[in-house]
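Undergrad: my questions are about this predicted structure, shown below with the sequence.
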Amino acid sequence: MSHLFGLGWFILLLAVVSIEAQKKPTINISTKCLGNVMRVDVGPLGGNILEVAAVVNNSAILLTPSLASQCGFRMKIDQLGNAMIYASLQNCFAQNVEDAAFTTTLNLQLRGNRLVEDELYQVVETCYYSAWASREIVCDRNYMEVSVKRAVPDDYVLPKHPITGANSKFGDPRRAVENQKWPIDAGFRITTLVFFTPAERIMTVMEAHKRGYGIANTASRLVLRSPKTSPETYTQNVAGMPMTVLKTSTIFEKKWLATQIDAAAACPILEGSVALTRNMISWYLPRHIDPLISSQQFQLLEVHMGINGQRLDTAEMAARGYTMTVNDMHIIAEIPVGAVGGYFKSHVEDNQYFTSYTIEPMLELLWTEDGAHEDTRYKVLLPITTPLLSQPLQVTDNTLPEERLFKLLIGPLGSDVALMNITFSSEVLSMRDCNVRGFNVQEHRSHNGSFKVITLQVPFTDRVVLQMREMGITVYSLHLTFGFLVLPEFTPFSHTAYLEARLADIVPPSISGGCDYANFYVLVKYGTQDFQTIVGKQMLTSSLGQEYGFTDNGTHFSIAVPFSAPDVVFEAVESSSIRSRLDVYLKNPETNKNLQEFSMACNFRSTLTECFPNGTMTALAVKLESVPSMNPSQLTLRDPTCGPSYSDDRYAYFVFSGNSCGTTRKFLPNIMLYENEISLPDGLETRMTSSPHQPEYELKVSCYYDINSTHAVAFHTRPRRSEPYAENAKGELQVEMRLALDDSYSVFHSEENHIVKYLQQPLYFEVELMRSTNPRVSLELENCWATLNDDRTSQPRWNLIINGCVNPADPYQVVFHPVWADARVQYPSHFKRFEVQMFAFAEDQDNLSPQIFVHCDVVICDAKNLLSGSCNRQCPNQENKRD
């Protein structure tokens, strides 16, 4: 494969550019004047064929490869379809004005397929260049050009020997010219060219043109151009580097006069001048090019480096990683493989992928030979392509099985490689088909565009993915072959990949449950997913689990939730039962979404109304889910002054008699009916029912008493075996008062330590009758008070509970808490719980007491007859729950 390159520089350069298109351009066209060459950039070609023709006198002459090398043209096309056309300013078709302005006109024809009309563009470029050296040499890839200043009177060199065939009777030709004082072109014409190979070979101008040489005689210069492969060139080793050498003498004749101009060029040969490693390109150019230098007083004035014919300054070279050094023997240019300015080209051999790297560096020298008072500008454009570099494609598996998506990356690939299709185990899909199926195929280019990688995503659920289950694990496998083409040659190659992902089968946790007369029982079976358990509206923590009797056997855990627990909601109230519901959720901690939802509702028998023979009635009102904003402490009987004897945020407990609080009485056959109602006062009811979704709250309380009833009593007698007697004895009942950490009454403060609280922080007291297993015994609080020291009779004293009721003079009144049976509380009647806000005694106007002591008197009562004797406690209607 051939690679065409060109390089150039500019000095004292001006350019006038005119681009005319006979059709609206669909490609980018730009021109640059680069010293003694110009460059036209065209592209991208988009797969079309570009034909270049030179325009002279409105005629277009197609530039074939042989004509291009003869006339000073060259074109190269990179892997992306961008073309660069190089032309010598002194090309065969340039309009030359006094060797200072050079105008070149080119027709650019894009030829595509027959379905699309060819596109024609015309480019006219005028470059101004006046900084000619005495001799200028250009070494291009396919030609070598030398331009020398022509000898004028007193300024040309006479050959050492008379020219063969000259008429000696006219004497010295140079002297004849001097005597005539004519310029050398006044009547002189080129008749003969002598090539030194190194033996002499003489040709006429016509013969030289036929052999591919370009010869031009301008106003002040002689231009000679030779193909690199001309048989009249020869190879010479210069400073260890092989070079192609062209040496000529051009004979000018006019009647009886004749003269000659010597012209020589020497260009480096790629093989032998360039050293390649996998990472570096090193180009060696002789510092002293012997075939071009005749004087011993050689002086190198300038050395420049460039790319694609354009000079680079020191900063640009450093940014690209280029280096250039000059020693006694060589000028050395070093370029990293893959550096900016070059490109990678893809190749395929035996379905194996390779790349080569191509770059076109330029070296430009300026030297003088003091003895001859001449300067030479020497420019070399040397395209360099590395050998094929093995580039095995790598497939990177970025699959995360939890995402249920195969993710892979394949590369690196050159920018001239196109992915055409992917062959799966069951079908072949084009790129368009892949994206329609949701496979998400994307290209990602490197920062300099030299290479790219391709990413592919395939869902586990697609039919091209194979699945196999084994031991609770699903194995997902993907077999695929990528089909590639190298452009523009359309060379195919492929690469096969296999991906496998293992995913443990996802078994979600499950919930089941049931009820008995007092509790909800919840059983949770573990799965393979992590989860958090939400009971009601709060997370199941270790402390909550302890309260609910949490047990775990490794595969399941269970809890027992009392029907009256705070996490249970009350749905409805019936005559002798409460319908309660428990909601349990298993939540994914990462997504916060529910994995399982479980609700269980049961009816629990509960004594809501009690009717006592002495006419006392009790009623328990509960807060239902349908009235979430209701405050139970605000409920009253028909008489608004009759509020609950006890209330909290879920319950209100009423104690009243048949002749109080608006209770009505009806006489029915053999029955007397007492009725009352529990509801909110009218004002509060109106505000609460302003929402159309919240119903009114009303609970009817009824007690039936038999008027005339006969009870049969059967008995029989037997002789007394002994006289009844009672033995007097002393016993001891132990009562303990403790302080809980919070209102759950599950964890308590240690007795050995003092407890530190801030003012108005809550203190949670619990009083328990110890070591009693009699369910008929009830512990009742009679009086509780606070003192400054541990003497219960000391002063000052502040009453907290008086005769079983809160102190009405206390601005922060005691709050009573109900006691429910649980794992610790077997007999709720043996416990009493109340809450006090922390306070302190004032010792004087400025100091508060540092400590207080709380004392209580208790009464042990018959749990079935709390209304008799000192156990009968009737408290006035008060708001027991503080805001």
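TA: That came through fine. Numbers count the residues shown, from 1 in each chain.

Undergrad: list the contacts of stretch 199-209.
TA: If you take Cβ atoms under 8 Å, 6 or more residues apart in numbering as the criterion, stretch 199-209 is touched by Q70, I190, T191, T192, L193, V194, F195, R211, I215, E232. All C-beta spots, glycine's among them, are computed from the backbone N, C-alpha and C.

Undergrad: tell me who's in contact with the fifth one.
TA: Going back to what we said before, that points to L193. Each residue near L193 by Cβ under 8 Å, 6+ apart is listed here: I202, M203, T204, V205, A208, Y213, I215, T248, S249, T250, I251.

Undergrad: can you classify it as helix, strand or coil?
TA: strand (DSSP: H, G, I helix; E, B strand; the rest coil).

Undergrad: picking up where we left off before, of the contacts of stretch 199-209, select the buried ones using a ChimeraX command.
TA: Selection of buried members from those for ChimeraX, criterion 16 or more other Cβ atoms under 10 Å:
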select :70,190,192,193,194,195,211,215,232
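
Undergrad: quick one: which of the contacts of stretch 199-209 is nearest Q734?
TA: Sorting the contacts of stretch 199-209 by distance to Q734 puts Q70 at the head of the list, at 125.8 Å, by Cβ to Cβ.

Undergrad: separation between that closest one and T204?
TA: 16 Å (Cβ to Cβ, to the nearest Å).

Undergrad: got it, and P198?
TA: Distance, P198 to T204, using Cβ to Cβ: 21 Å.

Undergrad: okay, stretch 854-863 in CSV with CA atoms only?
TA: Extracted in CSV, the C-alpha atoms of stretch 854-863 (Å, rounded to 0.1, in the frame of the first residue of the first chain):
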residue,chain,number,x,y,z
VAL,A,854,-40.8,10.9,95.9
HIS,A,855,-43.0,8.8,98.3
CYS,A,856,-46.2,7.0,97.8
ASP,A,857,-48.9,5.3,100.0
VAL,A,858,-50.7,2.4,98.3
VAL,A,859,-53.8,0.4,99.1
ILE,A,860,-54.3,-3.3,98.3
CYS,A,861,-57.9,-3.9,97.1
ASP,A,862,-60.1,-6.6,95.7
ALA,A,863,-59.9,-6.2,92.0
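
Undergrad: next, the buried residues of that stretch.
TA: Buried, per 16+ other Cβ under 10 Å, within stretch 854-863: V854, H855, C856, V858, I860, C861, A863.

Undergrad: sort out which of the residues you listed are in strands and list them.
TA: Of the buried residues of stretch 854-863, the ones assigned to strands by DSSP state E are V854, H855, C856, V858, I860, C861.

Undergrad: now the buried residues of stretch 854-863 in JSON lines, with pLDDT and distance to C267?
TA: Listed next are the buried residues of stretch 854-863 as JSON lines, based on pLDDT from 0 to 100; distance: Cβ to Cβ, whole Å:
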{"residue": "V854", "pLDDT": "93", "distance to C267": "112"}
{"residue": "H855", "pLDDT": "94", "distance to C267": "117"}
{"residue": "C856", "pLDDT": "94", "distance to C267": "116"}
{"residue": "V858", "pLDDT": "92", "distance to C267": "120"}
{"residue": "I860", "pLDDT": "88", "distance to C267": "124"}
{"residue": "C861", "pLDDT": "87", "distance to C267": "124"}
{"residue": "A863", "pLDDT": "75", "distance to C267": "121"}
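
Undergrad: which of these sits closest to F520?
TA: A863 (26.2 Å).

Undergrad: find the nearest non-adjacent residue to the closest one, please.
TA: Among residues not flanking A863 along the chain, S778 sits closest, at 3.9 Å (Cβ to Cβ, 6 or more residues apart in numbering).

Undergrad: direction included, what does the host helix or strand of that neighbour pair up with?
TA: In this structure, S778 sits in strand 777-787 according to DSSP states H and E. The strands beside strand 777-787 in its sheet (DSSP bridges) come out as strand 797-802 (antiparallel), strand 853-862 (antiparallel).

Undergrad: make JSON lines out of these and add distance to R225.
TA: Converted to JSON lines, those look like this (distance: least, Cβ to Cβ, whole Å):
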{"stretch": "strand 797-802", "distance to R225": "120"}
{"stretch": "strand 853-862", "distance to R225": "118"}
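
Undergrad: so for Q529, which of those sits nearest?
TA: That would be strand 853-862 among those, by Cβ to Cβ, at 49.8 Å.

Undergrad: run through who's touching that closest one.
TA: Strand 853-862 has contacts (Cβ under 8 Å, 6+ apart) with 733, 735, 737, 763, 765, 767, 769, 776-790, 792, 800-801, 832, 836, 868-871.

Undergrad: can we see that at 6 Å?
TA: 735, 777-787, 790, 792, 870-871 (Cβ atoms under 6 Å, 6 or more residues apart in numbering).

Undergrad: for stretch 762-777, same thing?
TA: By Cβ under 6 Å, 6+ apart, stretch 762-777 touches 734-738, 740, 743, 745, 779, 827, 830-838, 860, 863.

Undergrad: by mean pLDDT, which helix or strand of this protein comes out lowest?
TA: Across the helices and strands of the chain, mean pLDDT, DSSP states H and E gives its lowest value to helix 173-180, namely a mean of 30.

Undergrad: list the contacts of A275.
TA: S282.

Undergrad: for it, name its beta-bridge partners.
TA: Note on A275: beta-bridge partners by DSSP bridges are S282.

Undergrad: stretch 407-421 spans what distance, first to last residue?
TA: The stretch stretch 407-421 measures 17 Å between its terminal residues, going by Cα to Cα, to the nearest Å.

Undergrad: picking up where we left off before, need the contacts of stretch 199-209 in a markdown table with pLDDT and distance to S494, can you?
TA: Converted to a markdown table, these look like this (pLDDT from 0 to 100; distance: Cβ to Cβ, whole Å):
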| residue | pLDDT | distance to S494 |
| --- | --- | --- |
| Q70 | 95 | 44 |
| I190 | 87 | 60 |
| T191 | 85 | 64 |
| T192 | 90 | 62 |
| L193 | 92 | 56 |
| V194 | 93 | 59 |
| F195 | 94 | 53 |
| R211 | 93 | 48 |
| I215 | 93 | 54 |
| E232 | 93 | 50 |
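
Undergrad: now the contacts of stretch 199-209 in JSON lines, with distance to Y322?
TA: Below are these laid out as JSON lines (distance: Cβ to Cβ, whole Å):
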{"residue": "Q70", "distance to Y322": "33"}
{"residue": "I190", "distance to Y322": "42"}
{"residue": "T191", "distance to Y322": "47"}
{"residue": "T192", "distance to Y322": "45"}
{"residue": "L193", "distance to Y322": "39"}
{"residue": "V194", "distance to Y322": "41"}
{"residue": "F195", "distance to Y322": "37"}
{"residue": "R211", "distance to Y322": "38"}
{"residue": "I215", "distance to Y322": "37"}
{"residue": "E232", "distance to Y322": "35"}
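
Undergrad: circling back to that earlier point, just the contacts of L193: which are in strands?
TA: Per DSSP E, the contacts of L193 map to strands at I202, M203, T204, I215, T248, S249, T250, I251.

Undergrad: out of those residues, which are buried?
TA: Buried subset of the ones in strands among the contacts of L193 (neighbour count, 16+ other Cβ under 10 Å): M203, I215, T248, S249, T250, I251.

Undergrad: phi first, then psi, for the most centrally placed residue in the chain.
TA: Compute the mean C-alpha point of the chain, and by Cα atoms, centre = their mean the closest residue is N398, 13.7 Å away. Backbone torsions for N398, taken as degrees, to the nearest 10, come to phi -110, psi 20.

Undergrad: which SS state does the residue nearest to it when sequence neighbours are not counted fall under?
TA: Spatially, and ignoring its direct neighbours in sequence, N398 is nearest to K407 (4.2 Å; Cβ to Cβ, 6+ apart). Put simply, K407 is strand when judged by three-state DSSP.

Undergrad: all good on my end, thank you.
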